[in-house]
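[1] Build the 3D model from these lines:
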Amino acid sequence: MDFMTKWPAGLGYAEFLKRYASPDQHRRWDAVYHEVKLTAVQKELLKSFSREMLVAVVAGTWCGDCVQQCPIFEAFAQASTRLQIRYFDRDDHGELADALSICGGRRVPSVLFLSEEGAPCGRYGDRTLAKYRDSAASLSGAACPTGLVAEGQSLQEAVIQEWLDQFERVQLMLRLSPRLRQKHGD
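    Residues are numbered from 1 along each chain as shown. Presented below is the predicted three-dimensional model:
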């Protein structure tokens, strides 16, 4: 699939919510967004990004995992001028949702990281490891003998950091790419 042919159909965060969210869903997304707190170190890292990064997010405003995670992406976008994040409704963009399926299904949020020219650089979703550990523990007890999150860290803080690790991984891939270094003369 040529992901860049789909890119223009993506919506910014506010536009996505305006188009797809019911008033109750919008309130839930807003509540989570206001709970997202990036540390000074996390903000500095995002501010330091030097390569343009396109991020396609397949989501649904009805989805609990999206409610908990997509506001994190918006916080990242607010902290970095190098992130262009576009949201695609899973049901309205079925071809894209199928292309980014996880575990054989249209799971959301599904995130595709692209270079400035639209070359795929990575995929991640639908939940982070901390979230999966937390879910597994509620089903069958502790999933990991070392605990679910670092001591003193909330689940949300762990999820924010794990998503930031993915954004940073792709940013470093782009920053160290010989092709892009030659293109940008750095």
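[2] Relative to residue 104, how far out is residue 51?
    Distance of residue 51 to residue 104, given as CB to CB, to the nearest Å: 32 Å. Where you see a C-beta, it was placed from the backbone N, CA and C, and this is true even at glycine.
[3] Now the element after the helix or strand of the chain with the lowest mean pLDDT, going C-ward?
    The weakest-scoring helix or strand in the chain, judged by mean pLDDT, DSSP states H and E, is helix 129-140 (a mean of 85). Downstream of helix 129-140, the next assigned helix or strand under DSSP states H and E is helix 155-176.
[4] And the helix or strand just after that following helix, what's buried?
    Going down the chain from helix 155-176, the next helix or strand is helix 178-184, by DSSP H and E. Judged by neighbour count (16 or more other CB atoms under 10 Å), helix 178-184 contains these buried residues: residue 180.
[5] Tell me how far helix 178-184 lies from the chain's centre.
    25 Å (CA atoms, centre = their mean, to the nearest Å).
[6] Next: stretch 154-174.
    How far stretch 154-174 lies from its chain's middle: 9 Å, per CA atoms, centre = their mean.
[7] picking that back up, quick one: buried residues of the least confident helix or strand of the chain?
    Under 16+ other CB under 10 Å, the buried positions of helix 129-140 are 130-131, 133-134.
[8] That helix vs helix 155-176, what angle?
    Orientation check (axes from the mean of the first three to the mean of the last three CA atoms, to 10 degrees): helix 129-140 against helix 155-176 gives 140 degrees.
[9] could I get helix 129-140 in CSV with only the CA atoms?
    The C-alpha coordinates for helix 129-140 follow below in CSV (Å, rounded to 0.1, in the frame of the first residue of the first chain):
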residue,chain,number,x,y,z
LEU,A,129,3.9,-3.7,27.3
ALA,A,130,2.9,-2.0,30.6
LYS,A,131,-0.8,-1.9,29.5
TYR,A,132,-0.6,-5.6,28.5
ARG,A,133,1.0,-6.5,31.8
ASP,A,134,-1.7,-4.7,33.7
SER,A,135,-4.5,-6.4,31.7
ALA,A,136,-2.9,-9.8,32.1
ALA,A,137,-2.5,-9.3,35.8
SER,A,138,-6.2,-8.6,36.2
LEU,A,139,-7.0,-11.8,34.4
SER,A,140,-4.6,-14.2,35.9
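[10] for that helix, packing partners?
    Helices and strands touching helix 129-140, by 3 or more CB pairs under 8 Å, 6 or more residues apart in numbering; DSSP states H and E, are helix 155-176.
[11] Need the mean per-residue confidence for stretch 81-101.
    Regarding stretch 81-101, the rounded mean pLDDT is 97.
[12] Any idea how far apart the tips of it sit?
    29 Å (CA to CA, to the nearest Å).
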